[in-house]
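Undergrad: Any chance you can model this:
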Amino acid sequence: MSWWGKALGGAFGFMIGGPLGALIGIAFGHNFDRGLGSMLGNESFEPGQQERVQAAFFTATFSVMGHVAKADGKVTRDEIRMAEAVMNHMQLDAEVRESAKKLFNEGKSADFPLDEILDQFKKELGRRSNLLQMFLEIQLQAAYADGVLDKTEEQLLLHICHRLGVPESQFRRLEEMLKVGFGQAGYQPGQQPRHRTLEDAYTMLGIEQTASDSEVKKAYRRLMSQHHPDKLVAKGLPEQMIRDATEKTQQIKDAYEQIKESRGMK
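TA: Got it, this is the predicted structure:
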């Protein structure tokens, strides 16, 4: 049975525990008293196993997204549309979509235990730095849904990075990549980015225009490794998020080809 099925039955809330488990229980339903034994069989989902990581990623993504949206004191229509666009892009079925909405709304609550959620999320991911980066990219896209990054939202995102052990320099690099390729003001998942200049292409790869050809290739390979859909799914990215990873991979390829053409590289 997929992790969706177990979550809908309440099993993952039972297995994970802690603040993430509590959120799963709220979003997918507390049904621990019926059929739990037959649902789990002999399976034991310890920290670090793929299905458990998938459940943790999904739960943290939508709940923290709701918290970031409420950072400036209100949730705008653009921010709600952004959350819905992510759900649409993931092609969630009706039942799972409702669960994602519940998680988003839980994140908006005044007593949302952000630090506890982040601490457990970091522990569940372990050394999966690629998933951590994907999580931050999604949160940045949501924060920029209304076209600007409010100062309160920025401070909250920096706090999230600090709690997850991500340096501010990495956050700023992701922010620049978002602006030139992974999304612009009002960007929606699945939407074509604006025309990219050569300068944008270098920003996308996180390098200066003075970089050597070997540095360009190294940056490209690193980003492709970080965003390769198959690798991310293997590490625990919910399969419903693979479309976003695939699009980002294509944008990285396009930026690289643009730079190669301008330099006459082979």
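Undergrad: Identify the residues contacting stretch 129-137?
TA: For stretch 129-137, contacts defined as Cβ atoms under 8 Å, 6 or more residues apart in numbering pick out 53, 57, 60-61, 64, 121-122, 125, 157, 160-161, 164, 166, 170-171, 174, 177-178, 182, 225-227, 231-232, 235-237, 241, 245, 248. To be clear about C-beta, it is placed using only N, CA and C from the backbone, and glycine gets the same treatment.
Undergrad: Quick one: mean pLDDT over it.
TA: Confidence over stretch 129-137 (mean pLDDT, whole number) is 88.
Undergrad: Secondary structure element holding Glu247?
TA: Glu247 is part of helix 242-263 when elements are defined by DSSP states H and E.
Undergrad: Give the buried residues for that helix.
TA: Buried residues in helix 242-263, counted by 16 or more other Cβ atoms under 10 Å: Asp244, Ala245, Glu247, Lys248, Thr249, Gln251, Ile252, Ala255, Tyr256, Gln258, Ile259, Lys260.
Undergrad: can you redo those as a markdown table with distance to Leu114 and pLDDT?
TA: Shown next, in a markdown table, are the buried residues of helix 242-263 (distance: Cβ to Cβ, whole Å; pLDDT from 0 to 100):
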| residue | distance to Leu114 | pLDDT |
| --- | --- | --- |
| Asp244 | 23 | 72 |
| Ala245 | 25 | 77 |
| Glu247 | 28 | 79 |
| Lys248 | 26 | 81 |
| Thr249 | 30 | 85 |
| Gln251 | 30 | 85 |
| Ile252 | 31 | 88 |
| Ala255 | 34 | 89 |
| Tyr256 | 36 | 90 |
| Gln258 | 39 | 90 |
| Ile259 | 39 | 92 |
| Lys260 | 42 | 90 |
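Undergrad: want to try a markdown table for those, with distance to Glu199 as columns?
TA: Output for those, formatted as a markdown table (distance: Cβ to Cβ, whole Å):
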| residue | distance to Glu199 |
| --- | --- |
| Asp244 | 25 |
| Ala245 | 25 |
| Glu247 | 21 |
| Lys248 | 19 |
| Thr249 | 21 |
| Gln251 | 15 |
| Ile252 | 16 |
| Ala255 | 11 |
| Tyr256 | 15 |
| Gln258 | 10 |
| Ile259 | 10 |
| Lys260 | 16 |
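Undergrad: how far out from the middle of the chain is stretch 230-246?
TA: Mean C-alpha position of stretch 230-246 versus that of the full chain (Cα atoms, centre = their mean, to the nearest Å) differs by 10 Å.
Undergrad: same deal with stretch 250-263?
TA: Counting by Cα atoms, centre = their mean, stretch 250-263 comes out at 24 Å from the chain centroid.
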